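> Here is a sequence together with a model predicted from it:
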Amino acid sequence: RPVAAVQNVLNTTDRDDPALEMCRDHNIPYVAYRPLDAGLLAHTHGPAAPLQWLLSQGSHVALIPSTSQPRHLEEIVAAVQDGPA
């Protein structure tokens, strides 16, 4: 059976997953678990920082944001829509 996708922990504080390169090399979608660090990085480096990092991972990484609180996602989306301050 072909692999539909791979999911594993990948976020700005836990960046190392060897499966990321394997997925890129084999054109397999990678779904990052807690990619936005549950809002942690939004408070340290600004709301758009986690999403910018996630976007930099490549087109095979699925953009499925996950945070611990809905307001963190709202802050990140608002920061991206408004652009840099």
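Yep, it's here.
> Tell me the helix or strand right after the least confident helix or strand in the chain by mean pLDDT.
Lowest on mean pLDDT, DSSP states H and E among the helices and strands of the chain sits helix 40-45, with a mean of 65. Later in the chain than helix 40-45, the nearest helix or strand by DSSP states H and E is helix 49-55.
> Do me a favour and average the pLDDT over that next one.
Throughout helix 49-55, pLDDT has a mean value of 76.
> name the helices or strands packed onto that helix?
Contacts defined by 3 or more C-beta pairs under 8 Å, 6 or more residues apart in numbering; DSSP states H and E place helix 49-55 against helix 40-45, helix 70-82. To be clear about C-beta, it is placed using only N, CA and C from the backbone, and glycine gets the same treatment.
> For the chain, give me the ranges with low pLDDT.
36-48, 64-69, 72-73, 76, 79-80, 82-85 (pLDDT under 70).
> what do you get if the cut-off is 90, keeping everything else the same?
1-17, 20, 26-85 (pLDDT under 90).
> Next, count neighbours for Trp53.
Close neighbours of Trp53, defined as other C-beta atoms under 10 Å, add up to 18.
> That one against Asp14, yeah?
No: using C-beta atoms under 8 Å, Trp53 makes no contact with Asp14, being 11.9 Å away.
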